[in-house]
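# Sharing a model prediction with you, sequence too.
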Amino acid sequence: MSKQITAIRGMNDLYGEQAEAFDYLVNTAQSVLNQYGFASIRLPLVEKTELFARSIGEVTDIVEKEMYTFDDRNGDSLTLRPEGTAGCVRAVIQNGLAHNQIQKLYYTGPMFRYERPQKGRYRQFHQFGVEVFGLDSVDIDAELIVLSARLWERLGLENLELQINSLGSQEARQAYRDLLVEYLEAHKSELDEDSLRRLESNPLRILDTKNPDMKAVVDGAPKLIDHLDAESKQHYDELKVYLDDVGIPYTENPNLVRGLDYYNRTVFEWVTTELGAQGTVCAGGRYDGLVEQIGGKPTPAVGFAMGIERLMALLIDKNLVEHKAAPDVYLVLAGEAAKRPGLVISEQIRDYLPELTVQMNCGGGSFKSQFKKADKSGARVALVLGEDEVQQQKIAVKYLREDREQALMDWSDLLAHLSDVFQ
């Protein structure tokens, strides 16, 4: 016998409570986004490798170490998407949705990164992404943060901390980069191996290190917020005023730089202390240069992405998932003669009373075993159809959750009766 085939490490099946949490989260997010006037967009799982090298940055950890990249049969280099923003930008450019237009879009689906699997970090993971194109004013930055706060409220999640920062313009960021490198060079002996590697390629990422031994060096580094250009500083100050106006508390984190090269001005993260090392559940910011960088015309843009697995873990841990509701009606069918009319009746109920959930017993079984299934299902009403009932075109209605006498009625009266019972 051949050895059992198992899933790839870090690529997990979602079922039961996890699947319920996934659906609850995505459905709730879609409801909130629709309330704010966003539209759905569906994006491919596979893109040209060049897209991510050009957008995320060739010297980022994602591109250097984490992407699933392969050559197809034509010899083209393709990559399973490691994040969603680059593909969404490519889509709006290619489909003529970006230039001189305002687009408010959301998407969801799997992403892929070759990482060491741990709680909240998997090789196939899911994100819910939100992107806005064509608006450069700070009010949309604020609306995205307010929108995400409303989602946490809708989900019942508490104790999420909002951290904000500004990366300024590309010019101010480059000037700060030179200043930071000068400082870090003077403290080179105190840098860990990862920081030494980033010193030349991506020094701002050193500020976001999780190594506690680097805390003193990072705390002493010059702060980007002190070297913003005037326009970016005004933009950042206005963002804080908006957040104060709507009463959303925030923490200013000068070391929040995000891991992708394309960000500028506003960056933000929602973090929790309840998931161990993987504390960020939602992150985003402004990326005004990315559309042009990928080949479109200059277009301001801002967005964020949520880690679905991390939010699922919080929902399950806090028992916040809305579980699948019990069926309203369970059809107990005894004998071969009851099966075909049972199917007809169940469909008639679904047609006439679409708000009801109907579960029909399939696979046969004794009356006793079927009633056990009906009771275990949580259904409020059991409809009983046996060979005698079929001959008489009658059906029995048994009330499983209330002290009420069982009723026997004609098939023609059933729909009106159920309508009265469930009104």
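Okay, I see it. Because the structure is a prediction, the values reported are computed rather than measured.

# Would you mind giving the domain segments of the protein?
17-168+228-317, 329-421 (automatic domain parsing).

# Deepest in the core, which of the ones you listed is it.
The highest mean neighbour count among those, using mean count of other C-beta atoms under 10 Å, belongs to domain 17-168+228-317: a mean of 18. Where you see a C-beta, it was placed from the backbone N, CA and C, and this is true even at glycine.

# now what about the host helix or strand of Y242, what contacts it?
Using DSSP states H and E, Y242 falls within helix 230-246. Contacts to helix 230-246, defined as C-beta atoms under 8 Å, 6 or more residues apart in numbering, come from residues 138-139, 141-142, 145-146, 162, 164, 166-169, 172, 225, 228, 250, 264-266.

# What mean pLDDT does it get?
Across helix 230-246, the average pLDDT comes to 94.

# Give me the secondary structure label for the residue nearest to F371 when sequence neighbours are not counted.
Residue nearest to F371 in three dimensions, not counting chain neighbours: V332, with 6.3 Å by C-beta to C-beta, 6 or more residues apart in numbering. Assigned with DSSP: H, G, I helix; E, B strand; the rest coil, V332 falls in the strand class.

# possible to save the domains of the chain as TSV with distance to D213?
TSV is the format used below for those (distance: least, C-beta to C-beta, whole Å):
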stretch	distance to D213
domain 17-168+228-317	15
domain 329-421	54
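
# quick one: pLDDT of the residue nearest to F371?
94.

# got it, and E292?
Value for E292, per-residue pLDDT: 90.

# host element of it?
Per DSSP H and E, E292 falls inside helix 290-293.

# just A91 next, same as before
helix 85-94.

# Could you check the chain and say which of its helices or strands has the lowest average pLDDT?
Taking mean pLDDT, DSSP states H and E as the measure, helix 61 is the helix or strand of the chain with the lowest mean score, a mean of 66.

# pull the CA atoms of the helix holding E292 into PDB?
The C-alpha coordinates for helix 290-293 follow below in PDB (Å, rounded to 0.1, in the frame of the first residue of the first chain):
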ATOM      1  CA  LEU A 290       3.800  52.400  -7.200                       C
ATOM      2  CA  VAL A 291       1.400  52.800 -10.100                       C
ATOM      3  CA  GLU A 292       4.000  54.700 -12.100                       C
ATOM      4  CA  GLN A 293       6.700  52.300 -11.000                       C
END
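
# So that it lines up with my notes, have the first residue be 57 from now on.
Yep, numbering from 57; the last one is helix 346-349 now.
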